[in-house]
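Visitor: Sequence first, then the predicted structure:
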Amino acid sequence: MLMVSCSHNNEEKTSEEHQKVDLTRTSIDAEDSLRQVPDSLIVQAENNNAEAQFLLGRHCWFLGDTINCLKWMKMAESNGEEMATVFLLGYNNDYKRALPILVRLVNGRVPTAQSYLGWCYEFGKGVKQSYEKAVEWYSKAAEQGDASAQYLLGLCYEYGKGIKQSYEKAVEWYSKAAKQGDMSAQYLLGLCYEYGKGVKQSYEKAVEWCSKAAEQGKAPMYYWLGRCFNAAEQGNAYAQRCLGYCYYRGEGVEQSFEKAVEWYTKAAEQGDALAQSSLGDCYYYGEGVKRWRKGLKYSYKKAVEWYSKAAKQGCVNAKFQLGRCYQYGFGVNKDKLVALNYYVQASILGDKEAENRISKLIDGELARKMLWAYDEERDLGLISVEECEKRKDCIRKYYSEDEFFNNINTSHKNNDKYLITLGLMNMLGLIGLIIVTVKIYESHKHL
């Protein structure tokens, strides 16, 4: 929507929490409002793209940044954007001049215009007030994908304005708008999840969507933290991890590694992988060096314990950190083979530093052992065929099977010991393979 961030009167709200979010646009610093806009949109607007200027102005309006809003709307109008003209006329309550332009745009099936006309009907701006007409025009725009119209249509369904009340339909439209980044829809969707209105109650989903709105400036940080505390104290692992992160970074609360560890531990003990990995970091760095103080005395063994739990659930940071622990013998016996195995898995998940570690750690002998061992793991059903090939491809970037045997042939082709070497390899190959596989299996147990 263009002229409004909320669409129903106080006395008609059934939820005090909804009043707070619907009837208040968060005041936000002008510079902050522009930080939240894609760079490409700002560039287009600065290059006199009228549509981009209008969208940028509308974004600023939603965030309560009236100065930047009017600046971009006036620029858009000067470049021929008629919806900017409608907005500015409406801003000055000149609906008599705005409506003819709006009707022409509506007849051209412009979704933003349809949404705005719905708003005019909802509040009786230049037309006779009609909730039914508002729903009609919101629906037309919403079905064409207009996020603001989807949000406003959701509100109509939630409070039964102009249409039969339905929390389920409200959630449906809030979801569509929220996925497009509409911050008001994100916040109200979060509230629906918190109270179980139209969806199965879920504190995790509530915090997730409210946090998205908070990041855009719709929900004040303290208000979002309040919901986080509420969910965390009721045992929600996702909220507990979020609180741990806030204390770790000092976002919205006074920075405290001790508090971060407290909340990370609560979430980690419930099986939250990211919390387990973060708790592992706290134990890994500890307080031995002042700038790395993480809320408790460092313990590499405890770090390995929590990294292992997180790695088993596929956490890339945990896999990489386990590679470091095994490479240098932090909390475990030093073992290059196991370290390499964890680095390979982290690399497959996109960790660039893991790739760097592999390139420095690997040699022909380690490569051969890893390639053989992955085949054995695949045959034993410990990893899938696809996973086996991914891991082998990672090794092959640095050393292939052919390269290993070619090196043997080159260095020994005129040496009688060559035949003896091959013979011993055939005799002891199975035994060696079993030993290597056992080592890989031991690390696999952590995963």
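Guide: Right, received. Where do you want to start? Numbering: from 1, shown residues only.
Visitor: Can you report how many residues neighbour Asn79?
Guide: Summarising burial for Asn79: neighbours were counted as other Cβ atoms under 10 Å, giving 16. Every C-beta, even on glycine, is put in place using the N, C-alpha and C of the backbone.
Visitor: Quick one: residues contacting the closest residue to it other than its chain neighbours.
Guide: Counting by Cβ to Cβ, 6 or more residues apart in numbering, Ala50 is the residue found nearest to Asn79 once chain neighbours are left out, at 3.7 Å. Applying Cβ atoms under 8 Å, 6 or more residues apart in numbering to Ala50 gives the contacts Ala76, Asn79, Gly80, Glu81, Ala84.
Visitor: one more time with 7 Å, if that's ok
Guide: Applying Cβ atoms under 7 Å, 6 or more residues apart in numbering, we find Ala50 in contact with Ala76, Asn79, Gly80, Glu81.
Visitor: and those, which two are the farthest apart?
Guide: In terms of Cβ to Cβ, the contacts of Ala50 reach their longest pairwise distance at Ala76 and Gly80, which sit 8.2 Å apart.
Visitor: returning to that earlier point: which one (most neighbours) among the contacts of Ala50?
Guide: Per-residue neighbour counts (other Cβ under 10 Å) across these peak at Ala76, which has 28 neighbours.
Visitor: Relative to Glu365, how far out is that residue?
Guide: When distance is defined by Cβ to Cβ, to the nearest Å, Ala76 is 66 Å away from Glu365.
Visitor: Distance from the chain centre to the helix or strand encompassing Asn317, please.
Guide: Counting by DSSP states H and E, the element that carries Asn317 is helix 316-328. Helix 316-328 has its average C-alpha position 24 Å from the chain's average C-alpha position, going by Cα atoms, centre = their mean, to the nearest Å.
Visitor: which residues of the stretch 151-300 of the chain score low on pLDDT?
Guide: Within the stretch 151-300 of the chain, the set of residues satisfying pLDDT under 70 comprises 217-224, 287-297.
Visitor: er, the stretch 301-447 of the chain actually
Guide: 400-447.
Visitor: now the helices for it?
Guide: Counting by DSSP state H, counting those that start in this stretch, the stretch 301-447 of the chain has these helices, from start to end: 316-328, 336-348, 352-361, 364-379, 385-396, 401-412, 416-445.
Visitor: Mind giving me the packing neighbours of the first one?
Guide: Pointing back at helix 316-328 there. For helix 316-328, the packing partners by 3 or more Cβ pairs under 7 Å, 6 or more residues apart in numbering; DSSP states H and E come out as helix 273-285, helix 300-312, helix 336-348, helix 352-361.
Visitor: Ok, which of these comes nearest Gln216?
Guide: Among the helices and strands packed on helix 316-328, the nearest to Gln216 by Cβ to Cβ is helix 273-285 (22.2 Å).
Visitor: which other residues reach the closest one?
Guide: By Cβ under 7 Å, 6+ apart, the list of residues contacting helix 273-285 from outside reads 237, 241, 244, 261, 264-265, 267-268, 292, 294-296, 298-300, 302-303, 306-307, 309-310, 313, 315, 317-318, 321.
Visitor: Low-confidence regions, the stretch 1-150 of the chain specifically.
Guide: 1-39, 63.
Visitor: still on that earlier bit, list the buried residues in the helix holding Asn317.
Guide: By neighbour count with 16 or more other Cβ atoms under 10 Å, helix 316-328 contains the buried residues Val316, Asn317, Ala318, Lys319, Phe320, Gln321, Leu322, Gly323, Arg324, Cys325, Tyr326, Gln327.
Visitor: contacting residues for the third one?
Guide: Contacts here follow Cβ under 7 Å, 6+ apart; on that basis Ala318 touches Ser277, Gly280, Tyr307, Ala310, Ala311.
Visitor: any idea which helix or strand carries Lys169?
Guide: helix 167-179.
Visitor: For the host helix or strand of Val103, name the packing helices and strands.
Guide: Here Val103 is covered by helix 95-107, with elements defined by DSSP H and E. Helices and strands in packing contact with helix 95-107 are listed as helix 82-91, helix 111-123; criterion 3+ Cβ pairs under 7 Å, 6+ apart.
Visitor: run the last query once more with 10 Å
Guide: Using 3 or more Cβ pairs under 10 Å, 6 or more residues apart in numbering; DSSP states H and E, the elements in contact with helix 95-107 are helix 82-91, helix 111-123, helix 131-143.
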